[in-house]
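K.L.:
The sequence and its predicted three-dimensional model are supplied below.
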Amino acid sequence: MSALLGSIVKSGNANIDHAFVVGGLRPREIIETTIRSSRNSSGSVGEAIDVWNLRDALTDAGAGTDGYVCDPYLDPSQIAQTARALLASLNSSRRRSRHKDTDFLWYGDVFPATPALSRTTVASVRNV
């Protein structure tokens with residue numbers, strides 16, 4: 001499958017406990033950070049979390065590359081089918097009103113694992 005998509009990222013929402021995979025995009029870097037938002041239901045404030053920036057990955061991939069989202073837990077009508085549509089959903093007015101809008105996704109792993117991704121440590125990222 002990764003031959004068709006280039007890469008597959010084991011991922012999920014960074015501020016809501018829900019996992020899925022993203023195909024056809026590669027994270028620019030892995031960001032090691034800490035949960036700062038009390039609205040985050042994926043973990044507790046102060047807990048370490050690895051994230052990646054979906055907007056940066058789409059920019060790096062270039063125009064016309066939308067990426068794909070596969071969520072085995074939800075009916076396809078319940079989640080964005082492309083990473084570009086997922087980014088729009090992550091930044092919807094509804095999520096903004098709840099302070100859950102973000103460009104960041106939880107990072108689990110990437111396949112294939114070459115080349116090694118750089119890691120950056122930051123104190124916090126928006127709404128995570």
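P.N.:
Done, it's in. Numbers count the residues shown, from 1 in each chain.

K.L.:
Just the element for the most centrally placed residue in the chain, please.
P.N.:
Computing the C-alpha centroid of the chain and ranking residues by Cα atoms, centre = their mean puts Leu105 first, at 2.2 Å. According to DSSP states H and E, Leu105 maps onto strand 104-111.

K.L.:
Check Thr59 too.
P.N.:
Counting by DSSP H and E, Thr59 is found in helix 54-61.

K.L.:
Just checking: what are the partner strands of whichever helix or strand comes after that helix?
P.N.:
Following helix 54-61 in sequence order, the next helix or strand is strand 68-70 (DSSP H and E). Using DSSP bridges, the strands paired with strand 68-70 are strand 19-23 (antiparallel).

K.L.:
Buried residues, the strand it pairs with. List them.
P.N.:
If you call a residue buried by 16 or more other Cβ atoms under 10 Å, then strand 19-23 has these buried ones: Phe20, Val21, Val22, Gly23. Placement of C-beta: from N, CA and C, glycine included.

K.L.:
Identify the bridge partners of the first one.
P.N.:
This means Phe20. Where Phe20 sits in a bridge, its partners, by DSSP bridges, are Ser11.

K.L.:
Please look at it and Ser11 and confirm they touch.
P.N.:
Yes. Between Phe20 and Ser11 there is a contact at 6.3 Å, judged by Cβ atoms under 8 Å.
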